[in-house]
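Undergrad: all I have is the shape, not the residue letters:
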């Protein structure tokens, strides 16, 4: 074999190798993109369904299972949630092949979820949510790992803006929303952390405000800065004279915001805390005098 023939053969092999690599990359890329955002349910866009380990039935996701078994189930004995970490089988939405949980279908090679968490057995094609897994929470979160921190006392991930400014309440996220009574820790809805440290759905808080409810349903502290409203109420109180028989009447009040008790003049529009100036107060018995 001449030197020229050897170089030509080596060049041919190099070209073939590059073509094989390119085909392999194209196959992987096709698997990542084929059918993406075309399958799933109202909760997630994904290219697989799960077989629930608790009842052996097939659902698009665990939320679909929980709605079917809890919201729509008449028999309370049959109500239950799917244990997400126990899911062992998934069914590819493109070829219907049932298999062990993995990101890429072993039969057709399609990627069943652009985001995949082996710990949560979770698939999602909407990567713009910026999903990430928090080991301390034990579940996947959205919003980008760099934008959140885990508060050990509250027991959940919070936005970085709250790192040095939120009152910690033991397991604040491991409770039901005080308005709609849905469990907050793994809720799909946005969560609001109130100034008092308690938590509830952002939507439920908005609904409360629209109905002029501005106090925490749990501790009754104000859910937002009410200083402008208190100033407006000051003006209304000053312009609304009480009948003469009530002008010297006084009542004891407890401030829901600062916790101080005060002896103030009675007024039909509200009672202002002598400490912080809040009108978020309620009547209370006078303090007992020790003998």
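TA: Sure thing, it's come through. What you are looking at is a predicted structure, and each value in this text was computed from that prediction instead of being measured. Numbers count the residues shown, from 1 in each chain.
Undergrad: mind listing what residue 75 touches?
TA: When the contact criterion is Cβ atoms under 8 Å, 6 or more residues apart in numbering, residue 75 has no partners at all. C-beta: built from backbone N, CA, C; applies to glycine.
Undergrad: likewise residue 222?
TA: Residue 222 sits next to 195, 214-216, 256-257, 278, 280 when contact means Cβ under 8 Å, 6+ apart.
Undergrad: mind doing that once more with 6 Å?
TA: By Cβ atoms under 6 Å, 6 or more residues apart in numbering, the contact list for residue 222 reads 214-215, 257, 280.
Undergrad: let's see if you can find the most crowded of these.
TA: When neighbours are taken as other Cβ atoms under 10 Å, the top entry among those is residue 280 (23 neighbours).
Undergrad: which two in the contacts of residue 222 are spaced the farthest apart?
TA: Across those, no pair lies farther apart than 214 and 257, at 10.9 Å, counting by Cβ to Cβ.
Undergrad: just the contacts of residue 222 now: which is nearest residue 287?
TA: Comparing the contacts of residue 222 against residue 287 with Cβ to Cβ picks out residue 257 as the nearest, at 18.9 Å.
Undergrad: helix or strand for residue 66, which one?
TA: In this assignment (DSSP states H and E), residue 66 forms part of helix 62-66.
Undergrad: you'd agree residue 269 is up against residue 237?
TA: Yes. Assessed by Cβ atoms under 6 Å, residue 269 is found in contact with residue 237 at 5.3 Å.
Undergrad: show the contacting residues for the residue lying closest to residue 273 once chain neighbours are set aside.
TA: Take residue 273 and drop its neighbours on the chain: the residue closest to it by Cβ to Cβ, 6 or more residues apart in numbering is residue 255, 3.8 Å away. By Cβ under 6 Å, 6+ apart, the contact set of residue 255 is 273, 278, 281.
Undergrad: show me where pLDDT drops low in the stretch 151-291 of the chain?
TA: Judged by pLDDT under 70, the stretch 151-291 of the chain has its weakly predicted residues at 289-291.
Undergrad: next: the stretch 1-150 of the chain.
TA: Those would be 1-31, 72, if you go by pLDDT under 70 across the stretch 1-150 of the chain.
Undergrad: ranges for the helices of it?
TA: With DSSP state H, counting those that start in this stretch, the ranges of helices along the stretch 1-150 of the chain come out as 3-33, 62-66.
Undergrad: and the closest residue to residue 178 other than its chain neighbours, how many neighbours?
TA: Excluding the flanking residues, the one nearest residue 178 by Cβ to Cβ, 6+ apart is residue 217, at 3.9 Å. For residue 217, the number of neighbouring residues by other Cβ under 10 Å comes to 16.
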